Each structure stands twice: as structure tokens, then as C-alpha cells.
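**Q** this is a predicted model, with the sequence first.
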Protein chains: 6
Amino acid sequence: MSNIIKEFNEYREKMNKLILSHDNLAIKRLFNLDMKTYQDGALSSQTKEMLGLATSMVLRCDDCIKYHLEKCKNLNVNDKEMYEIFSVAVLVGGSVVIPHLRRAAEYWLELSTL
Amino acid sequence: MSNIIKEFNEYREKMNKLILSHDNLAIKRLFNLDMKTYQDGALSSQTKEMLGLATSMVLRCDDCIKYHLEKCKNLNVNDKEMYEIFSVAVLVGGSVVIPHLRRAAEYWLELSTL
Amino acid sequence: MSNIIKEFNEYREKMNKLILSHDNLAIKRLFNLDMKTYQDGALSSQTKEMLGLATSMVLRCDDCIKYHLEKCKNLNVNDKEMYEIFSVAVLVGGSVVIPHLRRAAEYWLELSTL
Amino acid sequence: MSNIIKEFNEYREKMNKLILSHDNLAIKRLFNLDMKTYQDGALSSQTKEMLGLATSMVLRCDDCIKYHLEKCKNLNVNDKEMYEIFSVAVLVGGSVVIPHLRRAAEYWLELSTL
Amino acid sequence: MSNIIKEFNEYREKMNKLILSHDNLAIKRLFNLDMKTYQDGALSSQTKEMLGLATSMVLRCDDCIKYHLEKCKNLNVNDKEMYEIFSVAVLVGGSVVIPHLRRAAEYWLELSTL
Amino acid sequence: MSNIIKEFNEYREKMNKLILSHDNLAIKRLFNLDMKTYQDGALSSQTKEMLGLATSMVLRCDDCIKYHLEKCKNLNVNDKEMYEIFSVAVLVGGSVVIPHLRRAAEYWLELSTL
């Protein structure tokens, strides 16, 4: 796996473990909810991951973006679709989203060349 | 039409006219782009309006929310789907999104009873 | 009860009922968590409501501010303490918090004269 | 004076008085600083008010926008200049700034017809 | 001292010195206010640092979080209390706060093992 | 050229190329608009770059800040003026802007010693 993908996932997993080891009930429930919300329902998991990605972009959270990019890749979002998600995010969130778009484009390319 | 829908649309239209009358090229292009970006492409217009709505919710822009709610209604998003969009928005953006969810739920109900 | 307090609480309750009637599991759990998180634990409920208020102020959510102001009043936060919370919020969040501080000061005064 | 301008200024003044009556030192200093920062220096007061306006727009604070619009009007910013400030704000902050632009355009027109 | 703590504090100090060397009065006063606001008053310094931390978390400012984490550690906030602050911040600010929670949890652990 | 300036500009250029290679019309237009909006008009390019910088600071976008700092340097904004822009940004955006001010001050110094 590419370095930037591997590093991100390993750090993420290690820190999640640390956080959950503290047994805070509210945090545990939020982490749990964070997975359940994106499962297939009236909307497909794919559509929900797109929503998760676009909202993460306008809130300019690089790690959230990486997470949802990988999910979108696994759920077969293609390049043209991805760049249309990007276009909505930059339009809604403005030019301050562009630096995050740069990192998203880089990460998406990495995911595409695995 | 319901009052809150009518008022919103009339104010919106009137002020857009005022703004565009000033002939600022950058603003005109942005307004133009704001419509074009949501048209059918690799992603359907429906999916893009969902993205527009969810991003507007996490950025907590009530007027943007109203605008995309009406588009979603016209593009046949149903109640179950809408509440799943709501759920992603509140999860990603946190409990500060809830007051906007209240107003969104009210507006969505109005749109549904036209 | 004062009008602005009554109106806020009635709208809030009515819309929460509407939202929860749609039976979206993720939203129900988030609403539930939203109450549980502020209960007494290692930190007192009073301290947690102060945290809820300060975070709502820097995120500039008027309705969230009103909600936590009432909780703080019920948990016996006094005027001097409240204005110190206000001071941290304005310092951290900047002068854009000031308009929200105005509405918070007005609401706090209303709560104090019930 | 126009109603929306008068109402805004009266509420603002009344609440500032309420806030300052509580004698919180940090808040008093921040309010003081909030005036001093926009005075003539290496940059003119006019340029600083433009900065105050543009930053208020991207942070989407309607009351802050109104305040700086009046200052800009008093410091002889003209229509063409104002709409160029608007264009930067909408570009940087994205389409979620547009509803605030509508209210800004309305308020600017009111200020211009006094 | 741990590397991530030492690096953060050294960079912070060096840059503060650079900034203050420019003798901008408003910035100097803001820096001064930034220290004074957290001193004991009607609320304890500990409570105020908790407020500073929680607000920094929902505004997702990693450096601000680190700064207040160290203050909280020095003022004897314990692990259970810290994770309850974390829980309020994630609830209010949503899942976009989680990546900042990861870095906060890591930094808090470092501070705890000095 | 200094390392932090060179690295920033090279990464920026490389990723812009990647993004534009995907031929998404909306993104291309936004990138185009992003350049055109800062050109001389009723307001000078210098004033507009100051607006771009201040808005980027309160939205806390480090890369956007770097970009506009270089533009401001090329358009002969001097040190005293720059620190007054900084002061407005920190006042409006609050103490969470300070970490970005640190990095801005560092980058500005680098640009000044080329």
C-alpha cells in the first residue's frame, strides 16, 4: 500500500484504540454511530459516503476527507463522479477548500493506483 | 404556496436581481456557476442537490438549506431519504446542526404539503 | 414566563417531536446522546453545561446558546461566572462572537428576571 | 433613518450597555480593542473597515456585516468598490456566503438612500 | 520532555517573540488579554482552561488544543475529567472533531507520562 | 528561494496540474475566477490581496495565507501594514487565529529575506 494511505490508517487505528480504552460511554456511542450512519438504508452506502466526503470537504477536515475517499473508492465511485463531488464542495465552501482539494486529489490518485 | 416558502423565494429573487444589477463580473460568474454545478453529469442532479443540502447543513446556512430542500423535493427525494441526509449532516457537524435541522424539518414538511 | 424564552422552548419542543416522529435511528441516538452527555459524571453537570455553552458561543449557534443558558441558570451559575464564560468565548472566537453575546446577555437577563 | 438601520443600531447600543454594565474586565478590553483596531495607522481606517467587512462576510456574521457596511459608507467606499469586496468574500467563502450577500446588498442600498 | 511537547512549545515561543517584536499595539494587547482571561476569578483557572480547551476543540485548532491540554494537566485535571471534556467537544462539534481528538489524546498521553 | 516557500509553491503547482487534468468544467471556472477576482478594478490588486489574506486568516487556511502573503509581498505591502492586517484578523477571528498568525509571521519573514 502507498505510504500516505498506510500511515494515515495506522495512526487512525492506533489512536482510536487509545481513545476507546478510556471507556467513556458517550465517545464510544459516537464512534459506534459514526460507522452505523453510513450503512445501506433508504440511501445507499455509496451515496452516504459521498455526503460524508462533501461535508468533510466544506468543513475542511483533511483526515475525514481521506477516510471517506477510501470508502468511496471501495464503493466504486469513479473519477468523473469524484471530481463532480469536488466541484460541489469547492463551490459551496469557496476557495479556502482548494488546498484541501489538492490533498484530496493526491490521496485519490494514490488510492487509484493501488 | 405556504408563506415561509413564498417569502423565502420572493426575497431571494428580489435581492439576486439587486445584486446582479451591479454588473460585477466575478459575482455574475459565481451565480452562474452556482446553477450549472448542480446539473446532471456523471452524478445525477438529484445526488448533487443532496450534496448541496448536506454541505449547507454542516455549514449551517438556513437559506442555502431551504433552497436545496426545494430542489430535492422537486427531484423526488422522499422522506426516508431526506432524514438519512439529515442524519449524516448532524453526525458530521455535531449538535450545533440540530437547530438548523429543526428549521429544515419544518420547511420540508411545508414543501411536502403543497 | 418571558416571551422570548417561551417561544424558543415551544418551537424547540414542537420541532423535536416532528423530527423524532420520522423514526430515524441515527438521529434518535444523537438526540439521546445529546442529553446523556451533560449528566453528572467525573465533571459535574454544571461544568458540562458551561462547556456546552462556551462551545455553542464560539460556534455561534444562538439556539444552542439559549438552551445552555437556561440549563446554567437552573444549575445556579451566577452572573459573575456567566460573564467569565462569555469572556473566554469572545476571546477564543473573536469579535464575530459579540452579536451572539448581545443576544445571550439579553436572554440571560430574561432568565434572571423570571 | 431607515428602519432596519435604526433597529440594528438601537439594539446594538442597548445590549452593549447591558454587557458593559457587568464590569467584566476582559470583555471591556475586547470591546475597547474592537474600536481601536480600526483607527488610522499604517493602513487607513477605510482599508481596515474593508478588511473588517470582508472577514465578517466569510465568517457569515450578519450583524458584523451591517456594522462595517455603515462604517464603509461613512468612509466613502463607493458602490463599485463595495461590490468588489463582496466578490472577494463570496469567492473565498463560497456560495454559503450568498444569503449574507443578499442581506448586505439590501442594507448597503438602505445606507445609500439615507 | 517528550519531543512533540518540546517542539510545540519551542516553536510557539520563538514565533510569539517574532510577532511581538513588531510592536503592533492591538496584537500585544490581544496576547496580553489571552493570558489574563484564564486567571482565577469567579471561575477557577481550571474551569476556564477547560472552557479554553473545549472551545479550541470545536473550532478544531490543534495548537490551541495542545496549549490548553498542558494547562489542564498542570492544573490537575484527571483522565476521566479530560475524556468528559472530549465527549462534550465531539458531541457539539460532530465527527469532524474526531481527528483532532486523536491528536489530543496522543498529546494528553505524552503530558501524562512526563 | 527559501525551502518553505519553494516546497509550498511546487506542491501547489503540481496538484493544480493534476486537478485541472481531470477537465471538470466547474472546477476549471472556479480556478479561473480565483485569479481574475484579484486583478485591478475599482479596488487595486493590492487592496484585494489584503482582503484575500485577511479572509484566509479568519477562515484559518494556512495554504491560502501563504499564497496571499506572497502576493502582498510582490505588491509592496510593508511590514507595518502587514501587522495591521494581522491585527484585524486576530481581533475578528479570535485567539484561534494566533497559531495561524505564527505560521504567517514565519512565512512573511521568509518572503522578506529572499
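**A** Ah, there it is.
**Q** list the residues that contact residue A:56.
**A** Going by CB atoms under 8 Å, 6 or more residues apart in numbering or on different chains, residue A:56 touches A:64-65, A:67-68, B:92, E:96. C-beta here means a position set from N, CA and C on the backbone, and glycine is covered the same way.
**Q** show me the one in those that has more neighbours than the rest.
**A** Highest neighbour count within the contacts of residue A:56: residue B:92, with 29 neighbours (other CB atoms under 10 Å in any protein chain shown).
**Q** please identify the helix or strand for that one.
**A** helix B:79-93 (DSSP states H and E).
**Q** got the contact list for that helix?
**A** With CB under 8 Å, 6+ apart, helix B:79-93 has contacts from A:33-34, A:37-38, A:41-43, A:48, A:51-52, A:55-56, A:59, A:64, B:50, B:53-54, B:57-58, B:60, B:72, B:77, B:97-98, B:101, B:104-105, B:108, B:112, C:19, C:22, C:24, C:26-27, C:30, E:93-96.
**Q** what angle sits between that helix and helix E:79-93?
**A** 130 degrees (axes from the mean of the first three to the mean of the last three CA atoms, to 10 degrees).
**Q** run the angle between the helix or strand following helix B:79-93 and helix B:79-93 for me.
**A** Counting by DSSP H and E, the next helix or strand C-terminal to helix B:79-93 is helix B:98-112. Helix B:98-112 runs at 160 degrees relative to helix B:79-93, counting by the same axes, to 10 degrees.
**Q** what's in contact with helix B:98-112?
**A** B:2, B:4-5, B:57, B:60, B:62, B:65-66, B:69-70, B:73, B:79, B:82, B:86, B:89-90, C:11-12, C:15-16, C:18-19, C:22, C:27, C:31, C:34, C:61-64.
**Q** for it, what is the average pLDDT?
**A** What helix B:98-112 shows for mean pLDDT is 98.
**Q** the residue nearest the centre of chain A sits in which helix or strand?
**A** Chain A has residue A:68 as the residue nearest its centroid, 2.0 Å off, counting by CA atoms, centre = their mean. Element membership for residue A:68, per DSSP H and E: helix A:62-74.
**Q** next: residue A:52.
**A** Using DSSP H and E, residue A:52 falls in helix A:45-58.
**Q** okay, buried residues for that helix please.
**A** Counting neighbours by 16 or more other CB atoms under 10 Å in any protein chain shown, one finds that the buried residues in helix A:45-58 are A:46-58.
**Q** residue A:94 contacts residue D:94, doesn't it?
**A** Yes: contact criterion CB atoms under 8 Å: residue A:94 and residue D:94 qualify, at 2.9 Å.
**Q** do I have it right that the residue nearest to the centre of chain A meets residue A:52?
**A** Yes: using CB under 8 Å, residue A:68 is in contact with residue A:52, at 4.5 Å.
**Q** how many neighbours does the residue of chain A found nearest chain D have?
**A** Across chain A, the shortest distance to chain D (CB to the nearest CB) belongs to residue A:94, at 2.9 Å. Neighbour count of residue A:94, defined by other CB under 10 Å: 28.
**Q** so what's it up against?
**A** Residues near residue A:94 by CB under 8 Å, 6+ apart: D:58, D:90-97.
**Q** what's the neighbour count on residue A:13?
**A** Neighbour count of residue A:13, defined by other CB under 10 Å: 11.
**Q** and chain C, is the longest helix anywhere in chain A touching that?
**A** Using DSSP state H to define each element, chain A has its longest helix at helix A:3-20. No: under the criterion of CB under 8 Å from any CB of the partner chain, chain C is not reached by helix A:3-20; the shortest gap measures 15.4 Å.
**Q** tell me the angle of the next helix or strand after that helix relative to helix E:79-93?
**A** Once helix A:3-20 ends, the next helix or strand along the chain (criterion: DSSP H and E) is helix A:25-36. Angle, helix A:25-36 to helix E:79-93, by the same axes, to 10 degrees: 40 degrees.
**Q** and helix A:25-36, how far from the chain's centre?
**A** Per CA atoms, centre = their mean, to the nearest Å, the displacement of helix A:25-36 from the mean C-alpha position of its chain is 17 Å.
**Q** mind listing what's buried along that helix?
**A** A:26-27, A:29-31, A:33-34.
**Q** shouldn't residue A:71 be in contact with residue A:35?
**A** No: Residue A:71 is beyond contact range of residue A:35, at 10.6 Å (criterion: CB under 8 Å).
**Q** still on that earlier bit, intersect the buried residues of helix A:25-36 with the contacts of chain F.
**A** Among the buried residues of helix A:25-36, no residue is within reach of chain F (CB under 8 Å from any CB).
**Q** could you list the low-pLDDT ranges of chain A?
**A** A:1 (pLDDT under 70).
**Q** who in it is up against chain B?
**A** A:33-34, A:37-38, A:41-43, A:47-48, A:50-52, A:54-59, A:64, A:78, A:80-81, A:83-85, A:87-89, A:91-93.
**Q** rerun that using 7 Å as the cut-off
**A** By CB under 7 Å from any CB of the partner chain, the residues of chain A that approach chain B are A:33-34, A:37, A:41-43, A:47-48, A:50-52, A:54-56, A:58-59, A:80-81, A:84-85, A:87-89, A:91-93.
**Q** so what's the residue count around the spatially closest residue to residue A:97 that is not a sequence neighbour?
**A** Nearest-residue entry for residue A:97: residue A:90, 4.8 Å, with adjacent residues in sequence omitted and distances by CB to CB, 6 or more residues apart in numbering or on different chains. When neighbours are defined as other CB under 10 Å, residue A:90 has 28 of them.
**Q** ditto for residue A:62
**A** Neighbours of residue A:62 using other CB under 10 Å come to 16.
**Q** gap between it and chain B?
**A** Computed as CB to the nearest CB, to the nearest Å, the residue A:62 to chain B distance reads 14 Å.
**Q** quick one, what contacts that residue?
**A** Shown in contact with residue A:62 (CB atoms under 7 Å, 6 or more residues apart in numbering or on different chains): A:100, A:103.
**Q** let's see it at 10 Å
**A** A:8, A:56, A:99-100, A:103-104, A:107, E:99 (CB atoms under 10 Å, 6 or more residues apart in numbering or on different chains).
**Q** repeat for residue A:113
**A** Per CB under 10 Å, 6+ apart, neighbours of residue A:113: residue A:2.
**Q** now residue A:63
**A** Going by CB under 10 Å, 6+ apart, the list of residues near residue A:63 reads A:8, A:11-12, A:56, E:96, E:98-100, E:102-103.
**Q** now restrict the residues you listed to buried residues only.
**A** For the contacts of residue A:63, a burial check counting by 16+ other CB under 10 Å picks out A:8, A:12, A:56, E:96, E:98-100, E:102-103.
**Q** is there a neighbour count for residue A:15? I'd like the number.
**A** For residue A:15, using other CB under 10 Å, the count is 19.
**Q** repeat for residue A:17
**A** If we define neighbours as other CB under 10 Å, then residue A:17 has 10 of them.
**Q** check the one 5 residues further on too.
**A** Other residues within reach of residue A:22 by the criterion other CB under 10 Å amount to 17.
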